[in-house]
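Q: Predicted model, plus sequence, below.
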Amino acid sequence: MLLVGDIGGTKTNLAVFASSTTLSFPIAEMTFPSGLYESLEAIIQEFIERFHVLVDRACFGVAGPVVDNQATITNLPWIISTTHLQETFQLKSVVLMNDLEAIAHAVPFLEANELYTLNTGEASAGGAIAVIAPGTGLGEAFLTWDGQRYMSHNSEGGHADFAPLDELQIGMLRYLQPLLGHVSYEWVCSGIGLPNIYAYLKDSGYAEEPTWLSEQLARAADKTPIIAQAALSDTAPVPLCVATLDMFVSILGAEAGNLALKVLATGGVYIGGGIPPRILPFLKKELFMQTFLNKGRLGSVLTDVPIHVILHPHVGLLGAAYYGFELAKLSN
């Protein structure tokens, strides 16, 4: 019995699976608001008591770097230790991996109906695959072919220096630097970053903020869904919010292209995270592909790279489960 988790700054998804052949049918599954709990252990304890499940192994994808079997969650005050989890819940083994590495483990197993294709392209057999995922933060990972299967590799590329594309984005960098010090891609291309774009465009006078929207945002703990919904309105999209999402998509396209060049992702680029499936109308615009391909002399290298948005709602759980069962098989 394998307990798997996708541990993020906003939410924590847990599930229990009996075997690698039953990943479409978890024995138990539940989502928890991460910020309301003092630790991962508290969430696991509630989960086990609620469903009365007995597990002997665990594998977790976590939103933060994993060093020496310990993880610090980037946007939560949690420290997660494999040793402490193993002792607390009497488990045979506990594995921690970066959440993007978990998503990457699932990529080779995703079905066509679990993806939305932005660029059909032509994947090279055995070519490297890039994964970029704007959720609460911005995660990046990649896969390489070892001759028999794809191997997943994590990174913290989302914390690399943000490179503005035009005068408007240069203005945003100047706006954010005094506030943040170091401006990474995560600060402008994630759930915590999208409100930064909005604030810059509003404060710079790019467009007016409606009073009703100002009141909603003032009451909201998480401004990102409100901004996105106002931009996606079928009847009266708010220009300020539309401009915010356009800049977000522009930056995402540019950084996805950066990652594709760095790992030479001829096997494709997969876009995960909670935001992209919700803003597909904006990703379908020409803007994303324009900034993805705008790489000067090497733009032509990316023309045939397939680009897919991951629609599977629990791809992180799926990847953690695949990896957890693979390790269990090797240890037997």
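A: Yep, it's here.
Q: doesn't Thr144 fall inside a strand?
A: Yes - read with DSSP: H, G, I helix; E, B strand; the rest coil, Thr144 is one of the residues of a strand.
Q: Around it, how many other residues sit close by?
A: For Thr144, the count of nearby residues is 14 (other Cβ atoms under 10 Å). All C-beta atoms are positioned from the backbone trio N, CA, C, and that covers glycine.
Q: name the element Val16 belongs to?
A: strand 11-17 (DSSP states H and E).
Q: Run me through the strand neighbours of that strand, direction for each.
A: Strand pairing for strand 11-17, determined by DSSP bridges: strand 2-7 (antiparallel), strand 28-33 (antiparallel).
Q: for it, what is the average pLDDT?
A: Strand 11-17 carries an average pLDDT of 93.
Q: Next, format the strands paired with strand 11-17 as JSON lines and append distance to Leu201 and mean pLDDT.
A: Listed next are the strands paired with strand 11-17 as JSON lines, based on distance: least, Cβ to Cβ, whole Å; pLDDT from 0 to 100:
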{"stretch": "strand 2-7", "distance to Leu201": "32", "mean pLDDT": "94"}
{"stretch": "strand 28-33", "distance to Leu201": "29", "mean pLDDT": "94"}
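Q: among those, which is the most enclosed?
A: Stretch with highest mean neighbour count among the strands paired with strand 11-17: strand 2-7 (a mean of 27; mean count of other Cβ atoms under 10 Å).
Q: who's in contact with that one?
A: 12-18, 34, 40, 44, 53, 55, 57-63, 73, 80, 91, 99, 102, 314, 316-317, 320-321, 324-325, 328 (Cβ atoms under 8 Å, 6 or more residues apart in numbering).
Q: would you list the strands paired with strand 11-17 in CSV and tack on distance to Val95?
A: Below are those laid out as CSV (distance: least, Cβ to Cβ, whole Å):
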stretch, distance to Val95
strand 2-7, 10
strand 28-33, 19
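Q: out of the ones you listed, nearest to Asn258?
A: Each of the strands paired with strand 11-17 was scored for nearness to Asn258 using Cβ to Cβ, and the closest is strand 2-7 (25.2 Å).
Q: Just the CA atoms of the closest one, as PDB, please.
A: The C-alpha trace of strand 2-7 is given here as PDB (Å, rounded to 0.1, in the frame of the first residue of the first chain):
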ATOM      1  CA  LEU A   2       1.600   3.200  -1.200                       C
ATOM      2  CA  LEU A   3       0.800   6.700   0.200                       C
ATOM      3  CA  VAL A   4       1.600   9.400  -2.400                       C
ATOM      4  CA  GLY A   5       1.400  13.200  -2.100                       C
ATOM      5  CA  ASP A   6       1.600  16.300  -4.200                       C
ATOM      6  CA  ILE A   7       2.700  18.900  -1.600                       C
END
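Q: Tell me where the stretch 101-250 of the chain has helices.
A: Along the stretch 101-250 of the chain, counting by DSSP state H, counting those that start in this stretch, helices occupy 167-180, 194-203, 211-219, 224-232, 239-263.
Q: and after the longest one, which helix or strand comes next?
A: Moving toward the C-terminus from helix 239-263, the next helix or strand (DSSP H and E) is strand 268-271.
Q: how far is that next one from where the chain is centred?
A: 12 Å (Cα atoms, centre = their mean, to the nearest Å).
Q: And stretch 125-143, by the same measure?
A: Relative to its chain's centre, stretch 125-143 lies at 8 Å (Cα atoms, centre = their mean).
Q: Buried residues, it. List them.
A: Neighbour-count burial for stretch 125-143, with 16 or more other Cβ atoms under 10 Å as criterion, is recorded at 127-143.
Q: Stretch 47-59 too?
A: Buried-residue list, stretch 47-59, by 16+ other Cβ under 10 Å: Phe47, Ile48, Val55, Arg57, Ala58, Cys59.
Q: ok, now stretch 201-211?
A: Neighbour counts over stretch 201-211 (16+ other Cβ under 10 Å) mark Leu201, Lys202, Tyr206, Glu209 as buried.
Q: Now the terminal residues of that stretch, how far apart.
A: 16 Å (Cα to Cα, to the nearest Å).
Q: I'd like the mean pLDDT over that stretch, please.
A: On average, stretch 201-211 scores 96.
Q: got it, and stretch 226-243?
A: Mean pLDDT, stretch 226-243: 97.
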